[in-house]
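**Q** Predicted structure and sequence below. I'll ask about it afterward.
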Amino acid sequence: MSERFERLFTRAEAILEGKANGFGEPILHYLAHRKYGPAMLSLACRRTASGKRADLGRLSDPNSSAGMMYRAFRQGEIDAAQNFALTLFYVNDLTGYRRWMRRAARCGDADATLELRKFELRQPFPLARQIKRLRPFRRDGS
């Protein structure tokens, strides 16, 4: 069953990137309702791409972006906690950002451990400009 889910997920991502024909969102919805972690994360990230707090939803709602990221984290998805942390950063919830980065670091995410150690309040990504927390990109990669 997981091979089938992986195949469907790969197809949905190819469709959404413009590399194949079809409708990718319904495939992601199907997989998310079957509790396939990568699909839940992908769908949640697509829904919160605008950086608005209203798009995030509540943890208690399994169909909201926050609910999907939380459920993916509970299922053991490696990237779920860090994705949720960055999503909270972009809605300007720095307390939640730090809490979820700590959870990601505890789960063994090396990038999250490094980010938590630096704990920068500014990010070099375009969405950070909307919340006035943009920092210039550094050549050293940090």
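**A** Done, it's in.

**Q** so where does the closest residue to Met69 other than its chain neighbours fall, helix or strand?
**A** Among residues not flanking Met69 along the chain, Phe84 sits closest, at 4.2 Å (CB to CB, 6 or more residues apart in numbering). For glycine as for every other residue, the C-beta is placed from the backbone atoms N, C-alpha and C. Secondary structure assignment for Phe84, by DSSP states H and E: helix 80-90.

**Q** again with Arg71
**A** Residue-wise, Arg71 maps onto helix 65-74 under DSSP H and E.

**Q** what packs against that helix?
**A** Under the contact definition 3 or more CB pairs under 8 Å, 6 or more residues apart in numbering; DSSP states H and E, helix 65-74 sits against helix 37-47, helix 80-90.

**Q** Quick check, central residue of the protein?
**A** Asn83 (3.3 Å; CA atoms, centre = their mean).

**Q** what about that residue, distance to Thr48?
**A** For Asn83, the distance to Thr48 (CB to CB, to the nearest Å) stands at 9 Å.

**Q** Checking the closest residue to Thr113 other than its chain neighbours next. Helix, strand or coil?
**A** Spatial nearest neighbour of Thr113, chain neighbours left out: Ala105 (4.3 Å); criterion: CB to CB, 6+ apart. Look at Ala105: counting by DSSP: H, G, I helix; E, B strand; the rest coil, its state is helix.
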